[in-house]
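Asks: next one to model:
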Amino acid sequence: MGRKAFLTGGSGFVGINVAQALLAAGWEVTALHRATSDTTYLRRFQIELAPGSTTEMASLINAMPEGTEVVFHVAGSTNLWRARNEDQTRDNVDGTRNVVEACLDRKVRRLIVTSSVASWGPIDGLIDERTPQKGGSSWINYQKTKYEAEQVAKKGMSRGLEVVIMNPCSIMGPYDVGTWSRMFTLIKNGKLPGVPPGTRSFAHVWEVALAHVSAAEHGRSGEHYLLGGTNASMLEMVQIMCKLMGKKEPKSALSEKLMPIVGVLGQFFAELRHRVPDMTPEAAALTSTRYTCLAEKAQKELGFKVVGLDNMVKDSYDWLVAEGRL
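Replies: I've put the predicted structure just below:
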């Protein structure tokens with residue numbers, strides 16, 4: 001019998017990879033999923049599936065097995081559309097509060113929280129774990145709720161729960177069906193309107209997953225771990241995607257001054273057609289941010305590995321092709 005791990009957000013991009021990494025390390029895994037979640041990929045692995053929601057306390061406690069040693073709270077909303085802010089706050093902040101309470105109820109030793117670099121808020125330039133966080137005062141609800149969820153999780157430490165915060169940057173790799181994978185589809189169909197001007201830090205999803213498993217034993221309670229380190233522009237990423245698909249590579253990104261207009265118009269026309277917008281003022285702002293990230297702390301303490309952008313993009317592309325999604 002292996003050690004018991006409980007996973008929220010198991011059917012998502014990062015969750016599926018964390019589940020695989022846990023199984024490879026000999027853990028028994030129970031994965032929480034909403035009744036409406038697509039568990040097709042998760043069912044490929046020897047995992048106990050438990051229907052429930054982080055926003056429904058009773059279902060959460062019922063789903064978490066007795067003897068669970070570590071909880072991996074991967075579930076969360078990355079919404080960037082103001083119409084869904086209320087739901088996002090409930091998922092990210094209230095959901096995390098419920099997970100903490102369930103951990104205490106089940107006498108769980110350690111909680112690993114999957115947060116995001118977004119909790120640092122609107123910051124440009126080089127950041128590491130010592131950079132002051134500004135997420136709590138951000139106008140972007142995603143950043144604000146990620147920061148608030150971290151504070152909620154840390155409150156559990158005063159009641160005996162060990163809490164480690166993981167802060168991935170932009171994640172790429174297999175099982176991505178809703179983030180950067182959409183960029184591949186737009187490029188393939190010739191519908192990419194332009195390349196955002198931002199610079200960001202990238203991480204391979206498998207290395208993010210392995211760092212989570214390592215954090216169960218080696219992460220320090222109360223500490224943050226930024227997972228990124230491959231610093232590149234959005235233009236560089238799109239050029240690699242185009243090269244893989246034999247498409248014409250763009251030579252330049254959109255003007256930074258143009259992005260707020262793109263965000264407002266994208267949201268306006270989508271709402272006019274009663275559709276979920278691909279571009280919003282929040283998305284325009286985030287994809288215009290120019291930041292780079294140091295991942296030295298995670299490398300030293302968790303064995304996190306920085307992977308080249310070419311490899312990340314190719315792994316994402318190869319998986320999408322193999323699954324018939326491109």
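
Asks: could you find the closest non-adjacent residue to Asn231?
Replies: In space, and not counting its chain neighbours, Asn231 is closest to Thr292: 4.0 Å by C-beta to C-beta, 6 or more residues apart in numbering. Just so you know, the C-beta spots here come from the backbone N, C-alpha and C atoms, and that holds for glycine as well.

Asks: next up, the contacts around the one you found.
Replies: 125-127, 199-201, 231 (C-beta atoms under 8 Å, 6 or more residues apart in numbering).

Asks: below-threshold pLDDT in this protein: ranges please.
Replies: 1 (pLDDT under 70).

Asks: okay, helices next: where are they in it?
Replies: With helices called from DSSP state H, the chain shows them at 13-24, 57-63, 85-89, 95-105, 141-154, 181-188, 205-218, 234-245, 259-272, 281-286, 296-302, 309-322.

Asks: closest one to Ala118 among the ones you listed?
Replies: helix 141-154 (4.6 Å; C-beta to C-beta).

Asks: any idea what the residue nearest to Asn231 is bridged to?
Replies: Here Thr292 sits in beta bridges with Leu126, going by DSSP bridges.

Asks: one step back: let me have the helices of the chain in JSON lines, adding distance to Val117 and mean neighbour count as columns.
Replies: Putting the helices of the chain into JSON lines (distance: least, C-beta to C-beta, whole Å; neighbours: other C-beta atoms under 10 Å) gives the following:
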{"stretch": "helix 13-24", "distance to Val117": "14", "mean neighbour count": "24"}
{"stretch": "helix 57-63", "distance to Val117": "27", "mean neighbour count": "17"}
{"stretch": "helix 85-89", "distance to Val117": "17", "mean neighbour count": "16"}
{"stretch": "helix 95-105", "distance to Val117": "17", "mean neighbour count": "22"}
{"stretch": "helix 141-154", "distance to Val117": "9", "mean neighbour count": "23"}
{"stretch": "helix 181-188", "distance to Val117": "19", "mean neighbour count": "17"}
{"stretch": "helix 205-218", "distance to Val117": "12", "mean neighbour count": "22"}
{"stretch": "helix 234-245", "distance to Val117": "15", "mean neighbour count": "19"}
{"stretch": "helix 259-272", "distance to Val117": "19", "mean neighbour count": "16"}
{"stretch": "helix 281-286", "distance to Val117": "10", "mean neighbour count": "22"}
{"stretch": "helix 296-302", "distance to Val117": "12", "mean neighbour count": "18"}
{"stretch": "helix 309-322", "distance to Val117": "16", "mean neighbour count": "18"}
